[in-house]
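K.L.:
Kindly return the folded structure for what I paste below:
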Amino acid sequence: MNLPVMLRAENNPIYSDDQDMSTLHEAEVTILGAGPYGLSCASHLQNAGIEARVFGPTMSFWMRHMPQGMCLRSNWEASFIPDPSSAYTLDAFCAAMGNHCPKPIPLERFVAYGQWFAERAVRDHDPRQISLIQREGSGFRVTLEDGHSFLTRRVVVAAGIQPFENYPAEFKHLSRGLASHSSEHDDLSRFRGKRVTVIGGGQSAFESAALLRENGAEVEVICRQVSPNWVGVHPRLHHLGLVSRMLYAKTDVGPAGISRLVAAPRVFRRFPRWFKTPVAYRSIRPAVAGWLKPRLDGIPIRLGRHVAEARETGSQLTLKLDDGATQTSDHILFATGFKVDVARYRFLAPDILRQLEMHDGYPLLRAGLESSVAGLHFAGKPAAWSFGPILGFVSGAGFASRELLRKISKNRQAGPGGSAAR
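P.N.:
Prediction:
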């Protein structure tokens, strides 16, 4: 059997001595996902001497489910992938590459940064996908896409948001050739010469519209909000020295004041839900970066409207808006975000899902990002219900990594059979 060198059994206690290597021996921590969260968690755990293996292609969501030409809305420091020594920042990446990275950060440069980070800050990275996670004994059996399986004490799910695309149910009858979600495209040039209607009111909708026009499409945006929520249009608020540092955290999530609160997830999670829900929404409501404004000039934007009905008319769509107006379109692009529902992770076995305590699709997490299934942790957007909106952004990866490390280290100190406070 041909396997990469990193998978050979010699001098690697994680693997069995079986000739066919169809079963791998126990691992301490298995991380599913090699995006910013998975990479950051791995670098922190490995740096602390904890065996952590990462599975999945590097930065796959960013490469395959975001259109070429997009830029990150987050600011420079909030886009760093955190490592324990802060050695692998975007600044270090640019210095190592000998070139400058423009602001806002282009998607392709961020993907290259993630790949650079993975090569330097993470060991034991296997690009194979995990196809199934099952409970077995006090741990889990993990099965890879090629059928290989192994036992692990803990699993960290850092699998991203791609399965959670929010495709409005009332339009699911439409042919996918005429309607699609924005995450289904990495190249919008396929719509050249087409009339495309973009549905949504956030960064994805407005930037997709700009990219569509720049790729030769005729585009219109339909937005429920009566006015876009522009961010970064008053940059002077971020350059007031101590005052700015008091109002805004480096994590760059949330408006003035609120930014500081959501940057402290351990504090945020202790507030009552009636307080946390509106604060979280205020931090993540649909917003558009101010730097995008010039690229939107001349694009029709219908504010305060929504599509009430869509029907197929030959190779086109006839859209009826809530005000009674009708129009035709060659394609609808739903830039309607993502709605977490971890039951849509196909790799979670039914027995795990039955034991998993959830609220509205989110797993209910304790300290250490640990779910009701002991040893199963969630990092990234699925952790946002328990720990706040920062977990939906790259800048939350530092907290997630430290929180995970803290939990595992405490359990190690408790010894075999011991348990740390939750």
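K.L.:
what sits against S60?
P.N.:
By CB atoms under 8 Å, 6 or more residues apart in numbering, the contact set of S60 is A34, G35, G160. (Glycine included, C-beta is placed from N, CA and C.)
K.L.:
Relative to G361, which of the residues you listed is nearest.
P.N.:
Using CB to CB, G160 is the member of these that sits closest to G361, with 14.7 Å.
K.L.:
what's the spacing between that closest one and V340?
P.N.:
Relative to V340, G160 is positioned 11 Å away (criterion: CB to CB, to the nearest Å).
K.L.:
Next: C94.
P.N.:
With distances defined as CB to CB, the gap from C94 to V340 amounts to 33 Å.
K.L.:
In terms of neighbours, single out the busier of those two.
P.N.:
V340 (23 against 14; other CB atoms under 10 Å).
K.L.:
List the backbone torsions phi and psi for the more buried one.
P.N.:
Comment: the main-chain dihedrals of V340 come out as phi -60, psi 130, following degrees, to the nearest 10.
K.L.:
Spatially nearest residue to it (excluding sequence neighbours)?
P.N.:
Distances taken as CB to CB, 6 or more residues apart in numbering place G361 nearest to V340, at 4.8 Å, with adjacent residues excluded.
K.L.:
Can you add neighbour count and give the contacts of S60 back as JSON lines?
P.N.:
Rendered in JSON lines, the data for the contacts of S60 read as follows (neighbours: other CB atoms under 10 Å):
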{"residue": "A34", "neighbour count": "27"}
{"residue": "G35", "neighbour count": "27"}
{"residue": "G160", "neighbour count": "26"}
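K.L.:
Name the nearest of those residues relative to E184.
P.N.:
The nearest one, if we look at the contacts of S60 relative to E184 and count by CB to CB, is G160, at 14.7 Å.
K.L.:
Which residue comes closest to that closest one once chain neighbours are left out?
P.N.:
With CB to CB, 6+ apart as the criterion, G160 has its nearest non-adjacent residue at 4.6 Å, and that residue is F61.
K.L.:
Please apply the same query to L132.
P.N.:
T143 (4.2 Å).
K.L.:
Check A374 too.
P.N.:
Once flanking residues are discounted, A374 sits nearest to S138: 7.9 Å by CB to CB, 6+ apart.
K.L.:
A48 now?
P.N.:
By the measure of CB to CB, 6+ apart, the closest residue to A48 outside its immediate chain neighbours is L405, 5.8 Å from it.
K.L.:
so where does the one you found fall, helix or strand?
P.N.:
Secondary structure assignment for L405, by DSSP states H and E: helix 397-414.
K.L.:
Using CSV, list the CA coordinates for that helix.
P.N.:
Written as CSV, here are the backbone C-alpha positions of helix 397-414 (Å, rounded to 0.1, in the frame of the first residue of the first chain):
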residue,chain,number,x,y,z
ALA,A,397,-9.3,31.5,16.7
GLY,A,398,-6.8,32.7,19.4
PHE,A,399,-9.4,32.4,22.1
ALA,A,400,-10.6,29.0,20.8
SER,A,401,-7.0,27.6,20.8
ARG,A,402,-6.2,28.8,24.3
GLU,A,403,-9.5,27.6,25.7
LEU,A,404,-9.0,24.2,24.2
LEU,A,405,-5.5,24.0,25.5
ARG,A,406,-6.5,25.1,28.9
LYS,A,407,-9.1,22.3,29.1
ILE,A,408,-6.9,19.5,27.9
SER,A,409,-4.0,20.6,30.1
LYS,A,410,-6.3,20.6,33.1
ASN,A,411,-7.5,17.1,32.3
ARG,A,412,-4.0,15.9,31.9
GLN,A,413,-3.1,17.3,35.3
ALA,A,414,-6.1,15.5,36.9
